Each structure stands twice: as C-alpha cells, then as structure tokens.
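K.L.:
Give the three-dimensional model of this entry:
(2 chains)
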Amino acid sequence: DARVTQTPRHKVTEMGQEVTMRCQPILGHNTVFWYRQTMMQGLELLAYFRNRAPLDDSGMPKDRFSAEMPDATLATLKIQPSEPRDSAVYFCASGLSGGGDTQYFGPGTRLTVL
Amino acid sequence: QKEVEQNSGPLSVPEGAIASLNCTYSDRGSQSFFWYRQYSGKSPELIMFIYSNGDKEDGRFTAQLNKASQYVSLLIRDSQPSDSATYLCAVNDKGSSNTGKLIFGQGTTLQVKP
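P.N.:
Next up is the predicted model:
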C-alpha cells in the first residue's frame, strides 16, 4: 500500500524551540512538496524538490524555515526558532515528474506553538 | 499572479441531488487539472484528474473541462452525506518547467443534508 508518511502526526512545542518534521515520499516518486494549511490562508506551498534538488523555496520564511532531502526516501522541514504564528498543519506530498503532475498527500503534521 | 478561484461556499444540497462545484483558473497554458477532497482534520485526497476538454466520468463523479473558458467543474451525482467535505481544485503551473507544481484554490465546502 504505497502512501506518503509523515512524522510526527502532532507536535506541541513552546515558542523558540526547534521543530523538525519528516516525510517519506512514495517509493519511486522523485518530486516532494511541502505545504502549510491554515484556516485563513488555505493551502500554501512552502518548498519543493525534484530528484532531491530544491527547485523553489520562495514560499518559506527564509530566516527560520529550512527544507532538505538528505536522501530519496526522506524529506525534512525544520523551523528554528518556532513562533506561535507557525501553528498550522504541514503536509508533504509526492509525485513523479512526467507522471501527469499528480500529487499524493501525506497525513500531515499538526503543529501547535505555544 | 496565477490564480485558481473557487466559491468557498458552503454549498448545501439535499441527499440524492447533484452537487456542482466550479473552478476558474488564470493561466491559459495550464494542462493538468485536479480535484481533491478533504475531510475535516484529514489530508487532501485525489479524486479526479482531467487533461482534455470535455467530460470525464468516474462512478458518481464527473469532471468537466473547458479550456477556452478556463473553467473546470466537478459534478457529484446522487450526493451522499459522506460526500460532505471541502473540495480543492488544483491546476498545474505551466511556467514551472514541468516540475509538477500545482496551484490550489481555496476550496469549496459541500454539505449534503440527509
């Protein structure tokens, strides 16, 4: 059963703490997307990768957010330091370039920054 | 600024009726169109994609695409209370060199009343 996995599913932390979210894309997929979803802003694209190379991270606050793909089976999104306004659900999605642009979403990480 | 527009709703229909969800997009070069369903507290789930003008049917769902008018719609026949969710329209960003990047609308909330 191929699916995107994300850990942790829930995270509560205090302002100023570092938060790391992890994503395992579907095996064989070579594009990975990080989104943030809030009631006010909807689904926002933060960054995306193809073949582990970052293509665009213009949606991320550069001073505190960073995204990496250490290998083809792991993508990470880090926030340091975290702020209450970062509270949201963070989704990872993966796809296959040349595969019709279809993206498959993971279950998300619900982040609460106190 | 490339945009995908949806009426936020809620769209309320009685059980058994046809629900019609609409979406317009600004990028005339877009070629891939998607409908995702998102239940409250869950991640977006792909339910339909369409690439060519016309209709595409899958069970109770029909996607309709009109590239000349730049709109895509989703019809749900015999609506069920379990169809109550937010429906996200997504369109590929043709200017992103086939990276698979999608532009999402804000979503339309559908309520199917028993």
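K.L.:
Flag every residue of chain B that's near chain A.
P.N.:
Counting by C-beta under 8 Å from any C-beta of the partner chain, chain B comes close to chain A at B:32, B:34, B:36, B:42-46, B:49, B:51, B:88, B:90, B:92, B:96, B:98-102, B:104, B:106-107. Placement of C-beta: from N, CA and C, glycine included.
K.L.:
Contacts only, for A:Gly86.
P.N.:
For the record, residue A:86 is Asp, not Gly. A:Val19, A:Arg64, A:Ile79, A:Leu111, A:Val113 (C-beta atoms under 8 Å, 6 or more residues apart in numbering or on different chains).
K.L.:
buried subset of those?
P.N.:
Listed as buried from the contacts of A:Asp86 are A:Val19, A:Ile79, A:Leu111, A:Val113; burial here means 16 or more other C-beta atoms under 10 Å in any protein chain shown.
K.L.:
and those, which of them are in strands?
P.N.:
A:Val19, A:Ile79, A:Leu111, A:Val113 (DSSP state E).
K.L.:
circling back: how about the contacts of A:Asp86, which pair is most distant?
P.N.:
Farthest-apart pair in those is A:Arg64 and A:Leu111; separation 12.9 Å (C-beta to C-beta).
K.L.:
closest to chain B among the contacts of A:Asp86?
P.N.:
Of all the contacts of A:Asp86, A:Leu111 has the smallest distance to chain B: 14.2 Å, by C-beta to the nearest C-beta.
K.L.:
which stretches of chain A have low pLDDT?
P.N.:
Scanning chain A for pLDDT under 70 picks out A:1, A:99.
K.L.:
That should have said chain B, apologies.
P.N.:
B:95-98.
K.L.:
Could you list the residues of chain A in contact with chain B?
P.N.:
A:31, A:33, A:42-43, A:45, A:48, A:50, A:55-56, A:91, A:95-108.
K.L.:
Nearest to the spatial middle of chain A, which residue is it?
P.N.:
The residue lying closest to the centre of chain A (C-alpha atoms, centre = their mean) is A:Trp34, at 3.3 Å.
K.L.:
ok, for it, nearest residue in space, not its chain neighbours?
P.N.:
Counting by C-beta to C-beta, 6 or more residues apart in numbering or on different chains, the nearest residue to A:Trp34 once its immediate chain neighbours are dropped is A:Leu46, at 4.4 Å.
K.L.:
What of B:Leu21?
P.N.:
Nearest to B:Leu21 is B:Leu74, by C-beta to C-beta, 6+ apart, at 4.4 Å.
K.L.:
tell me which residues form a beta bridge with residue 113?
P.N.:
As the question left the chain open, I've gone with chain A. Under DSSP bridges, the beta-bridge partners of A:Val113 are A:Thr13.
K.L.:
try again with chain B
P.N.:
B:Pro14.
K.L.:
So A:Leu77 sits against A:Lys11, correct?
P.N.:
No - the criterion here is C-beta atoms under 8 Å, and A:Leu77 misses it with A:Lys11 at 11.4 Å.
K.L.:
what sits in contact with each of those two?
P.N.:
A:Met21.
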